[in-house]
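Visitor: Sharing a model prediction with you, sequence too.
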Amino acid sequence: MKNITVIGSGTMGNGIAHTFAQYGFEVALVDINADALAKALQTITNNLDRQLKKGSIDEIAKTNTLSRIKTYTDLKEGAASADLVIEAATENREIKLNLFKQLSEICSYDVILASNTSSISITEIAAATKNPGNVIGMHFMNPVPVMKLVEVIRGYSTSDSVTQTIMQLAQKLDKDPVEVNDYPGFVANRILMPMINEAIYTLYEGVAGVQEIDTVMKLGMAHPMGPLQLADFIGLDVCLAILKVLYDGFGNQKYAPCPLLVNMVTAGHRGIKTGSGFYKYTAGSKELVVANKFTKSPLNQ
Ligand SMILES: NC(=O)c1ccc[n+]([C@@H]2O[C@H](COP(=O)([O-])OP(=O)(O)OC[C@H]3O[C@@H](n4cnc5c(N)ncnc54)[C@H](O)[C@@H]3O)[C@@H](O)[C@H]2O)c1
């Protein structure tokens, strides 16, 4: 496998492209939005600079990594010579089904089509293609160049050989793959999202403020960051989309998204990528959102 096509150049797509290129693969990065592609290349450059500063890569590795990434706004052009496609477009069922239907026409029958979806059914995505046995979930974690886990999701029809190929490929990227079955939220988000949703409910009900909730979980549970900050990093729109998949998939009230999350997404506060969520972000710094009336704990008022 040499040519990897990554679809979607947002938070995850740029990290996936960065990682494959760093490990010697040729990457075609595709996005419908040319500005998103330009932003992704800038983010990859910044992240490589950070690795350079830490001494984990040298100047030649940085230059080579960047030279292996080509960008495309046309899906057909970007996926034409792919040995493997990894889709990391917006977490929306219709967008993904439509993309996989097109990929199934563009790519040859043997090409493995993987999705980085956080929660959408791999079985359903596979059913939109001509060769469902070659469709699999390859769920990277954010930030991709740093995080070791890849959740490898077997759809109902995914073949053993495709699963083995993807497990081995993840190891070649120096990741630790874990094989799981295809049920809503898989493992990672089935457990993580109810915790994030509960943290948002805790804020919404005025039990405590943003910083207090995050501090309890950081210091009390030894989490590297609090759930509200993590939600900002993931993207509040992504969190909402995953909770809706869990809610619809299991039909259980415990996954119902908190109304505060719904309001924030509707108002355009999608977390770090829009500069504001539970925190406000200015050029990498972090401060509390002043306008959010729930940021202060009622206990401290
Ligand atoms: N954000 C996270 O922490 C995280 C972690 C693991 C998995 N994921 C999953 O990764 C995927 C991408 O999430 P993200 O956070 O990077 O989203 P994002 O909103 O940051 O980026 C999505 C990108 O997809 C592009 N896009 C939309 N439709 C497209 C199409 N038809 N063709 C090409 N590009 C298209 C958009 O222009 C955008 O640039 C989602 O499925 C999400 O659930 C996200």
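Guide: Received the coordinates, thanks. Numbering: from 1, shown residues only.
Visitor: how far away is the residue lying closest to Ile242 once chain neighbours are set aside from Phe20?
Guide: Closest residue to Ile242 apart from its sequence neighbours, by Cβ to Cβ, 6 or more residues apart in numbering: Ser119 at 4.3 Å. Using the backbone N, CA and C atoms, a C-beta is placed for each residue, glycine as well. For Ser119, the distance to Phe20 (Cβ to Cβ, to the nearest Å) stands at 23 Å.
Visitor: can you count the residues close to the residue of the stretch 201-301 of the chain found nearest the ligand?
Guide: Proximity of the stretch 201-301 of the chain to the ligand (Cβ to the nearest ligand atom) peaks at Ile234, 3.8 Å away. Ile234: 25 surrounding residues under other Cβ atoms under 10 Å.
Visitor: who's in contact with it?
Guide: Listed by Cβ atoms under 8 Å, 6 or more residues apart in numbering, the contact partners of Ile234 are 11, 142, 196, 271.
Visitor: Name the pair among those residues with the greatest separation in space.
Guide: Thr11 and Ile196 (15.8 Å; Cβ to Cβ).
Visitor: picking up where we left off before, I figured the residue nearest to Ile242 hits Pro184, correct?
Guide: Yes - judged on Cβ atoms under 8 Å, Ser119 makes contact with Pro184 at a distance of 6.2 Å.
Visitor: Show me which of the two is the more surrounded one.
Guide: Neighbour count, other Cβ under 10 Å: between Ser119 and Pro184, Ser119 has more, with 25 against 18.
Visitor: Phi and psi next, for that one.
Guide: Here is the backbone geometry of Ser119 (degrees, to the nearest 10): phi -160, psi -20.
Visitor: Ile136 now?
Guide: Main-chain torsions, Ile136, degrees, to the nearest 10: phi -150, psi 160.
Visitor: confidence score at it?
Guide: Per-residue confidence (pLDDT) for Ile136: 98.
Visitor: can you check the one 10 residues further on too?
Guide: Val146 is assigned a pLDDT of 95 by the prediction.
Visitor: And it, how close does it get to the ligand?
Guide: 12 Å (Cβ to the nearest ligand atom, to the nearest Å).
Visitor: Name the SS class of that residue, please.
Guide: Assigned with DSSP: H, G, I helix; E, B strand; the rest coil, Val146 falls in the coil class.
Visitor: follow-up on the earlier one: tell me who's in contact with the residue nearest to Ile242.
Guide: 91, 184-186, 189, 241-242, 245-246, 249.
Visitor: Of these, which are in range of the ligand?
Guide: Glu91 (Cβ under 6 Å from any ligand atom).
Visitor: Okay, and which of the contacts of Ser119 map to helices?
Guide: In helices, defined here by DSSP state H, the members of the contacts of Ser119 are 189, 241-242, 245-246, 249.
Visitor: Now compare those residues and name the two farthest from each other.
Guide: Of all pairs drawn from the ones in helices among the contacts of Ser119, the greatest distance, 12.3 Å, lies between Ala241 and Gly249 (Cβ to Cβ).
Visitor: So for those two, which sits in the more crowded spot?
Guide: More crowded of Ala241 and Gly249, by other Cβ under 10 Å: Ala241, with 20 against 16.
Visitor: pLDDT score assigned to the nearest residue to the more buried one once chain neighbours are set aside?
Guide: Nearest residue to Ala241, sequence neighbours excluded (Cβ to Cβ, 6+ apart): Glu91, at 4.2 Å. Note on Glu91: pLDDT of 90.
Visitor: Kindly report the same for Ser119.
Guide: On pLDDT, Ser119 comes in at 88.
Visitor: Same list, the contacts of Ile234, but as JSON lines with secondary structure, neighbour count and pLDDT please.
Guide: Putting the contacts of Ile234 into JSON lines (DSSP: H, G, I helix; E, B strand; the rest coil; neighbours: other Cβ atoms under 10 Å; pLDDT from 0 to 100) gives the following:
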{"residue": "Thr11", "secondary structure": "helix", "neighbour count": "20", "pLDDT": "92"}
{"residue": "Asn142", "secondary structure": "coil", "neighbour count": "15", "pLDDT": "92"}
{"residue": "Ile196", "secondary structure": "helix", "neighbour count": "22", "pLDDT": "98"}
{"residue": "Gly271", "secondary structure": "strand", "neighbour count": "26", "pLDDT": "93"}
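Visitor: Output those of these also counted as contacts of the ligand.
Guide: 11, 142.
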